[in-house]
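1. give the three-dimensional model of this entry:
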Amino acid sequence: MNCKLALTAIVISFLCGSCKKDPEPLFSKGMITGTVRTYDGSDASNTSIVAHGPYGNPSSRSDPDGKYKLPGLGNGTYEIEFSKEGYAKKFVQGVQVLGSDTISLNIRLFKKAEYSMPALSTVLYYSSFSFMDEYSIAIVTDIPDSTNKQMQIRVFVSDAEDVSNLNYMHSDQAHAVKRENNTQVLVFTANPQIVNSGGEHLYEKGQTLYLIAYVCNIQEEIGEFNEYYGLPVFSTVDEQQHSKVIEIKAP
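-> Numbering: from 1, shown residues only. Alright, predicted model coming up:
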């Protein structure tokens with residue numbers, strides 16, 4: 001009987017020890033404050049703001065003017081998440097709070113793209129615009145030519161097969177153009193002369209490249225540089241709606 005009691009005590013002790021609590025900060029007078037705006041000028045009130053950090057996930061909501069405060073934050077590094085119905089979530093990484101600092105963080109929210117990813121097939125053609133020293137690549141889609149506006153699609157190009165919206169060398173907007181058989185084609189720039197911030201060419205003529213397309217609100221969002229990933233990130237990219245990876249040759 002005593003053995004059973006001892007075993008029960010050990011189990012209870014183990015279970016209690018496994019229930020980890022968030023650590024207590026040494027200082028908790030830091031604050032993040034700012035204003036939320038929407039690209040289209042719509043109401044930004046009641047936006048949810050969550051500070052994911054080392055001491056739990058304190059949260060707040062923006063007021064009728066889009067202003068918000070996250071007070072009582074402990075020292076540490078936070079990822080701030082902004083979300084509002086109808087808009088793409090916005091994440092800001094690496095926000096450091098020290099002592100009684102007040103960090104100002106103003107952001108813009110972009111509407112989600114209301115669009116379905118078309119099926120993309122093989123490369124249709126390469127065409128050269130000599131006066132621009134650029135090339136375009138067109139890919140057949142399964143969309144009927146009912147409209148002739150820009151597609152809500154962004155193309156990401158890389159020299160790696162695991163290309164994605166967070167692993168790419170170059171990205172570009174995709175456009176729709178008419179064809180005689182009443183289908184549309186996806187057209188984007190493929191310029192071997194594109195260089196990175198260090199002045200180096202991203203890829204060479206004839207190099208094997210891989211591309212993937214995502215639904216993304218390109219009519220509003222131009223992307224913001226993210227230090228965590230080291231490249232522009234697009235908040236309206238729909239992670240669930242993307243094409244298959246297509247292999248091409250740099251023109």
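2. hey, where'd the helices end up in this protein?
-> Listed in chain order, the helices of the chain (DSSP state H) span residues 2-18.
3. now tell me which helix or strand of it has the poorest mean pLDDT.
-> Counting by mean pLDDT, DSSP states H and E, the weakest-scoring helix or strand in the chain turns out to be helix 2-18, with a mean of 51.
4. quick one: low-confidence ranges for the stretch 1-150 of the chain?
-> Where the stretch 1-150 of the chain drops to pLDDT under 70, the residues are 1-27, 121-136, 138, 140, 142-150.
5. now the strands for it?
-> If you assign secondary structure with DSSP state E, counting those that start in this stretch, the strands in the stretch 1-150 of the chain sit at 30-38, 48-52, 59-61, 67-73, 76-83, 90-97, 102-104, 107-109, 120-129, 134-144.
6. for these, which one sits closest to H242?
-> In this view, the strands of the stretch 1-150 of the chain are compared for proximity to H242 by C-beta to C-beta, and strand 120-129 is the closest at 9.8 Å. All C-beta spots, glycine's among them, are computed from the backbone N, C-alpha and C.
7. wait, G223 touches V237, no?
-> No - counting by C-beta atoms under 8 Å, G223 stays clear of V237, with 9.2 Å between them.
8. compare the two (neighbour count), which wins?
-> V237 (24 against 17; other C-beta atoms under 10 Å).
9. wait, which of the strands of the stretch 1-150 of the chain is closest to L166?
-> Checking these against L166 by C-beta to C-beta gives strand 90-97 as the closest, at 11.9 Å.
10. can you add distance to L186 and mean neighbour count and give the strands of the stretch 1-150 of the chain back as a markdown table?
-> Formatted as a markdown table, the entries for the strands of the stretch 1-150 of the chain read as follows, by distance: least, C-beta to C-beta, whole Å; neighbours: other C-beta atoms under 10 Å:
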| stretch | distance to L186 | mean neighbour count |
| --- | --- | --- |
| strand 30-38 | 28 | 19 |
| strand 48-52 | 35 | 19 |
| strand 59-61 | 39 | 14 |
| strand 67-73 | 39 | 18 |
| strand 76-83 | 30 | 18 |
| strand 90-97 | 27 | 17 |
| strand 102-104 | 40 | 13 |
| strand 107-109 | 27 | 21 |
| strand 120-129 | 6 | 14 |
| strand 134-144 | 4 | 18 |
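11. for F188, which of those is the nearest?
-> Relative to F188, the nearest member of the strands of the stretch 1-150 of the chain by C-beta to C-beta is strand 134-144, separated by 6.2 Å.
12. for Q152, give me its contacts.
-> Counting by C-beta atoms under 8 Å, 6 or more residues apart in numbering, Q152 makes contact with 113-115, 215-219.
13. again, only using 7 Å
-> Shown in contact with Q152 (C-beta atoms under 7 Å, 6 or more residues apart in numbering): 113, 115, 215-218.
14. derive a ChimeraX selection command for the buried subset of the residues you listed.
-> Only the buried entries of the contacts of Q152 go into this ChimeraX selection, using 16 or more other C-beta atoms under 10 Å:
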select :113,215,216,217,218
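15. among the contacts of Q152, which one lies nearest to D43?
-> Here the nearest of these to D43, counting by C-beta to C-beta, is N217; it sits at 18.4 Å.
16. wait, the closest one touches L109, no?
-> No - assessed by C-beta atoms under 7 Å, N217 is found out of contact with L109, at 10.8 Å.
17. CSV for the strands of the stretch 1-150 of the chain, including distance to S158?
-> Formatted as CSV, these follow (distance: least, C-beta to C-beta, whole Å):
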stretch, distance to S158
strand 30-38, 32
strand 48-52, 29
strand 59-61, 36
strand 67-73, 36
strand 76-83, 25
strand 90-97, 22
strand 102-104, 34
strand 107-109, 27
strand 120-129, 16
strand 134-144, 14
